[in-house]
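> Next come a sequence and a model predicted from it.
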Amino acid sequence: MQPGTYQHISEKKRKRQKSFAVLIDPDKVQPAALGRLTDLVNEASVDYLLVGGSLVISSHLDECILAIKAQTDIPVILFPGSPSQISKHADALLYLSLISGRNPELLIGQHVISAPFVRKSGLDIMSTGYMVIDGGAPTTVSYISNASPIPYDKNEIALCTALAGEMLGMKLIYMDAGSGAKRPIPEAMIAAVAEQITVPLIVGGGIQDPEKAYRNCRAGADIVVVGNAIEKDPALIKEMSAAVHAAAHAEV
Ligand code: 1GP
């Protein structure tokens, strides 16, 4: 039997390995066009595929995931903007609570409404303390969440939020500057958080080049997520993945 996705993530952290995750927005890719993308992620040894977005308009989520699963064994993790973006065909779910905001609906309200459905899905449910960091411009997530992001230079707020999330039982912490952020999360903030928590740390939002992906890992990120930059230039997948994996080797 295959180990669960969370077990896989924890095991990699224990071994101090770094992971590269590609974010696939179902609105931006047609299932028929997934073949090229899956070839690239397979060749680049990408560790995880995140599927979702703050605002998924299309209705082909199931179809999209089934097409991905038919072409790769890389674990598919849902990254939902709302409970409607749940598909039993994925492997795992980032069960996000927006702990950086003070919007009760995104902290617990939507979870209560969708709990029986989520439980029945059979997905590996990974509770995730989701922290939105100011990325220099309003992003879809900051608008939709109706919650202020953490200022990019307030490391102490970020680390206290992450610590509280971990002590509340979150199995993962995800620091996100938002898709297409002008300014990705500063390494000093990533380091401040990584030093304080023991659960795996996911970092994403506005990462444009392999060098930044590498530096994020060196600062303490366990999983680096890239979406936009790869949509624009799919050839970056290989370089980004290599940079992330090289950061692990540099640490040993
Ligand atoms: C967004 O962290 C992800 O939620 C990825 O962001 O699309 O800017 O890479 P980008």
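In hand now; what should we look at?

> use CA for all of it now, contacts and neighbours both
Will do.

> Show me what Val225 bridges to in the sheet.
On the basis of DSSP bridges, Val225 takes part in beta bridges with Ala21, Gly204.

> quick one: it and Gln208 touch, right?
No. Between Val225 and Gln208 no contact is recorded; they are 10.7 Å apart, counting by Cα atoms under 8 Å.

> Looking at Ala92 now. What's its pLDDT?
On pLDDT, Ala92 comes in at 98.

> how close does it sit to the ligand?
For Ala92, the distance to the ligand equals 17 Å [Cα to the nearest ligand atom, to the nearest Å].

> again with Lys12
Lys12 is 20 Å from the ligand, by Cα to the nearest ligand atom.

> Over to Pro138?
For Pro138, the distance to the ligand - Cα to the nearest ligand atom - is 12 Å.

> Use 54 as the first number from now on
Happy to do that; since the first residue is 54 now, the last one works out to Pro191.

> so is that residue in a helix, a strand, or just coil?
coil (DSSP: H, G, I helix; E, B strand; the rest coil).

> Count the residues that sit near it.
Pro191 has 16 neighbours, counted by other Cα atoms under 10 Å.

> go on, Tyr196?
Residues near Tyr196, counting by other Cα under 10 Å: 12.

> Next: the one 5 residues further on.
Residues lying near Ser201 (other Cα under 10 Å) number 16.

> Return the residues in contact with the spatially closest residue to it that is not a sequence neighbour.
In this structure, Ser201 finds its nearest non-sequential neighbour in Gly154, 6.1 Å apart by Cα to Cα, 6 or more residues apart in numbering. By Cα atoms under 8 Å, 6 or more residues apart in numbering, the contact set of Gly154 is 160, 184-185, 198, 200-202.

> beta partners of Ser150?
Gly182.

> any idea how far Ala266 is from Ala282?
12 Å (Cα to Cα, to the nearest Å).

> Now for those two: what residues contact both?
Ile260.

> Give me the more crowded residue out of those two.
In terms of neighbours (other Cα under 10 Å), Ala266 is the more surrounded of Ala282 and Ala266; the figures are 28 against 18.

> The more buried one contacts Val297, doesn't it?
Yes. Taking Cα under 8 Å as the definition, Ala266 is a contact partner of Val297 at 6.1 Å.

> any common contacting residues for those two?
Val277.
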